[in-house]
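Peer 1: give the three-dimensional model of this entry:
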Amino acid sequence: MNILSGKTISLQSKLKVSPGQLEGVRVVTPPTIFEDFRGTYVETFNEDVYVQAGIDMKFVQDDISVSERHVLRGIHGDQETWKLVSCLWGKFYLVVVNCDPTSHQYQQWESFTLSHNNRQQVLIPPKFGNGHVVLSNQAIFHYKQTTYYNREGQFTVSWNDPALKIWWPVKQPIVSRRDEGVTHG
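Peer 2: Numbers count the residues shown, from 1 in each chain. This is a model prediction of the structure:
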C-alpha cells in the first residue's frame, strides 16, 4: 500500500521463461525490472511467480563469486543440484555442458552472455556443468541452488577439453589450480 496516496500499487510481474538448446536448461527474464532516474530495481526471485511458470524446485542456498576480467571459473557441477544463475554486476560469458552420460545430448554445450544490463537468468539442471569467464572489468556471479554445497560431490570438466570444442571469447583465461585442465568424475 502506498501510504501517501492511500492506494495499493502493484508492479506488473512479467516473468518470461524460454527453453535453451539443451533439454532442461531455461533462460529466464525476471518478473520485475524497473528503471527510472534513481536507478534500477530488479526482482530476482519470487517463489510464487516462478512456481507458476514451472520453476518449482526449492532453493536452499544462495552464493556469489566476484571475479576480475578474464577470470574463468568452472566447468563444475554435481548429480543433484539445480542452479539459477544470474549476473548481479558486470558481464560474463556462461557455458552450460550436459555431463549426463545417459542423455542423447551428452557433452553438448550452449552459451549465454549474462550482464547487469540484460538481467537474464539461466536455470541449469542437475548433471550439467557450468563455467563462466568475466568480460567486464569485474563481475558478480550469483546463483541459487537446490542443495547445500558439497565439495566432495562436485565434478570438474576441463574448460578447454578438446572433445567438447567449447568456444570461449578469451584465449588465455586466468584459472584456478582446480580448473587448470584435469577432468574429474
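Peer 1: all strands for the protein, in order.
Peer 2: Secondary structure of the chain (DSSP state E): strands at 16-19, 26-29, 32-36, 39-43, 61-68, 72-77, 83-89, 91-98, 109-115, 121-124, 128-134, 138-145, 155-156.
Peer 1: mind checking those strands for the one nearest to residue 165?
Peer 2: When the strands of the chain are compared by CB to CB, strand 109-115 sits nearest residue 165, at 8.5 Å. (C-beta placed from N, C-alpha, C; glycine too.)
Peer 1: touching that closest one from outside, list them.
Peer 2: Outside strand 109-115, the residues that touch it by CB atoms under 8 Å, 6 or more residues apart in numbering are 20-22, 25, 27, 85-87, 90-98, 120-122, 132, 135-136, 164, 166-167.
Peer 1: how much space between residue 73 and residue 33?
Peer 2: Using CB to CB, to the nearest Å, residue 73 is found at 26 Å from residue 33.
Peer 1: compare these two (neighbour count), which wins?
Peer 2: Between residue 73 and residue 33, counting by other CB atoms under 10 Å, residue 73 is the more crowded of the two (21 against 15).
Peer 1: for residue 142, give the beta-bridge partners.
Peer 2: Using DSSP bridges, the bridge partners assigned to residue 142 are residue 64, residue 86.
Peer 1: which ones are touching it?
Peer 2: So residue 142 contacts 44, 62, 63, 64, 85, 86, 87, 88 (CB under 8 Å, 6+ apart).
Peer 1: look up how far residue 170 lies from it.
Peer 2: When distance is defined by CB to CB, residue 142 is 21 Å away from residue 170.
Peer 1: kindly report the same for residue 30.
Peer 2: Separation of residue 30 from residue 170 (CB to CB): 27 Å.
Peer 1: between those two, which is the more surrounded one?
Peer 2: residue 30 (20 against 14).
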